[in-house]
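J.: next one to model:
(one chain, ligands or ions: 1)
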Amino acid sequence: MEQTEPIPNQSLYQAIWKAKISPKLQLLLWKIVKGALASGENLAKRGLLSNITCRHCGEFETTNHIFLHCSFTRQIWTAHIWKLNFNPSDCASFSEAFMASRSHINLPPLGVTGNLFPWLCWGIWMARNYLIFESRASLPADIVSRSTRNAREWWEAQPTSPAAPLGQNRVTTTASGTTGMIICCSDAAWQAMTNRAGCGWIFTEESGECILQGTATFDHTVSPLMAEALAIRSALLHALEAGFSRICIKSDCQALVAVITSTHHPTELYGITRDIEHLSLSFDCIAFTFIPRNLNVMADSLAKSVMYLASAN
Ligand SMILES: [Zn+2]
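T.: Numbering: from 1, shown residues only. All right, here's what the predicted structure looks like:
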């Protein structure tokens, strides 16, 4: 097992909470240095042994491996990001890499002046999740361009006046929903003939205001129950990407809610409930509840329309 990080000190905490980055990135950095990220190593400590090796190289998945040392990650760190020779892979710990990254200047073609390291870590973490849970692979170059674009868009959206630094207080009041719960209604449509699932989900504030929605289709889906489980798994991935940390998932499939809230993982769900359990660990607060079908019409119509579109193509 890899050496544990030295105890993070006050200046590291301050550097994280004062960094001019999106609050969801601050939370990611915080979880990494506190050993609270749902990496293979941290899952193993909780006795969850289903995803503990790296999908790229098969090594034990520590956070240092994911963000610094994996051969896949190394390709990102050598992708001509910084003016001076800076390679996070050479750092002994994540904390050291983050602290060092703050003084490095980006190469001009990237068009971004702030610290890109946290954005790239976010990109690496999201790509890792989509690879594990939906077998969707990203190339290192995709991660670099996506992360740079996200960083640029976020910085451009910030007020130009010398605003108060993004301190810890800001995090608790952000619109990304870290105070109240985000409600997520999910639903699936299933076609027996093609074994295809259409999944839809919709995120709303507690006030009922819709903030985000998503759809996905999956082939080789063998039952309506599996389709409903895939919808929840995709919704959780999307929620994670959006930076929601407190979430309430509502499904009109009572059988599935019962399975998820128990510790039983039926074999006919092919590990999807295990994935849901794994993903749940990335949220500060998560609940799964049943919702009657007549109150789930928006997610239902999203699922049906994506299924219809997939079948029409
Ligand atoms: Zn690896």
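
J.: the residue nearest in space to the middle of the chain and the ion, how far apart?
T.: The centroid of the chain falls nearest to Leu240 when counting by CA atoms, centre = their mean (3.6 Å). Applying CB to the ion, to the nearest Å, the value for Leu240 to the ion is 20 Å. For every residue, glycine as well, the C-beta is placed using N, CA and C.

J.: wait, doesn't that residue sit right on Leu279?
T.: Yes. Between Leu240 and Leu279 there is a contact under CB atoms under 8 Å: 6.9 Å.

J.: common neighbours of these two, please.
T.: Asn129 (CB atoms under 8 Å, 6 or more residues apart in numbering).

J.: now Lys83, nearest residue through space, not along the chain?
T.: Leaving aside its chain neighbours, Lys83 sits nearest to Ile105 (4.6 Å; criterion: CB to CB, 6 or more residues apart in numbering).

J.: domain map for the protein?
T.: Domain assignment for the chain by automatic domain parsing gives 10-170, 182-312.

J.: tell me which of those domains sits most buried.
T.: The highest mean neighbour count among the domains of the chain, using mean count of other CB atoms under 10 Å, belongs to domain 182-312: a mean of 19.

J.: helix/strand/coil for whatever residue of the stretch 201-313 of the chain ends up closest to the ion?
T.: Residue nearest to the ion within the stretch 201-313 of the chain (CB to the ion): His278, separated by 17.6 Å. Secondary structure of His278, reduced to three states by DSSP: H, G, I helix; E, B strand; the rest coil: helix.

J.: does Ala127 touch Ala141 like I think?
T.: No. In this structure, Ala127 is not within contact of Ala141 by CB under 8 Å, at 11.6 Å.

J.: doesn't the residue nearest to the centre of the chain fall inside a helix?
T.: Yes. Counting by three-state DSSP, one finds Leu240 located in a helix.

J.: which secondary structure element of this structure has the lowest mean pLDDT?
T.: helix 168-173 (a mean of 40; mean pLDDT, DSSP states H and E).

J.: the residue of the stretch 201-313 of the chain closest to the ion against Leu49, yeah?
T.: No. If you go by CB under 8 Å, His278 and Leu49 don't touch, sitting 10.7 Å apart.

J.: where do the contact lists of those two overlap?
T.: With CB under 8 Å, 6+ apart, His278 and Leu49 have common neighbours Leu43.

J.: and the helices in the stretch 51-200 of the chain?
T.: 63-64, 71-77, 94-101, 117-134, 140-157, 168-173 (DSSP state H, counting those that start in this stretch).

J.: how about JSON lines for those, with distance to the ion added?
T.: Shown next, in JSON lines, are the helices of the stretch 51-200 of the chain (distance: least, CB to the ion, whole Å):
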{"stretch": "helix 63-64", "distance to the ion": "11"}
{"stretch": "helix 71-77", "distance to the ion": "6"}
{"stretch": "helix 94-101", "distance to the ion": "15"}
{"stretch": "helix 117-134", "distance to the ion": "9"}
{"stretch": "helix 140-157", "distance to the ion": "12"}
{"stretch": "helix 168-173", "distance to the ion": "30"}
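
J.: need the per-residue pLDDT for the residue lying closest to Ile143 once chain neighbours are set aside.
T.: Closest residue to Ile143 apart from its sequence neighbours, by CB to CB, 6+ apart: Gly123 at 4.3 Å. Note for Gly123: predicted pLDDT of 96.

J.: kindly report the same for Ala164.
T.: Reported pLDDT for Ala164: 48.

J.: any idea of the pLDDT on Pro159?
T.: For Pro159, the predicted pLDDT is 82.

J.: any idea how far apart the tips of stretch 189-207 sit?
T.: 27 Å (CA to CA, to the nearest Å).

J.: pass me the low-pLDDT residue ranges in the protein, would you?
T.: Within the chain, the segments meeting pLDDT under 70 span 1-8, 161-179.

J.: swap in 80 and give it another go.
T.: Where the chain drops to pLDDT under 80, the residues are 1-9, 49-51, 109-111, 160-179, 263, 313.

J.: show me which residues of it sit near the ion.
T.: 54, 56-57, 70 (CB under 5 Å from the ion).

J.: residue contacts, Thr148?
T.: Going by CB under 8 Å, 6+ apart, Thr148 touches 110-112, 116, 119.

J.: please repeat the previous calculation with a cut-off of 6 Å.
T.: 110, 112 (CB atoms under 6 Å, 6 or more residues apart in numbering).
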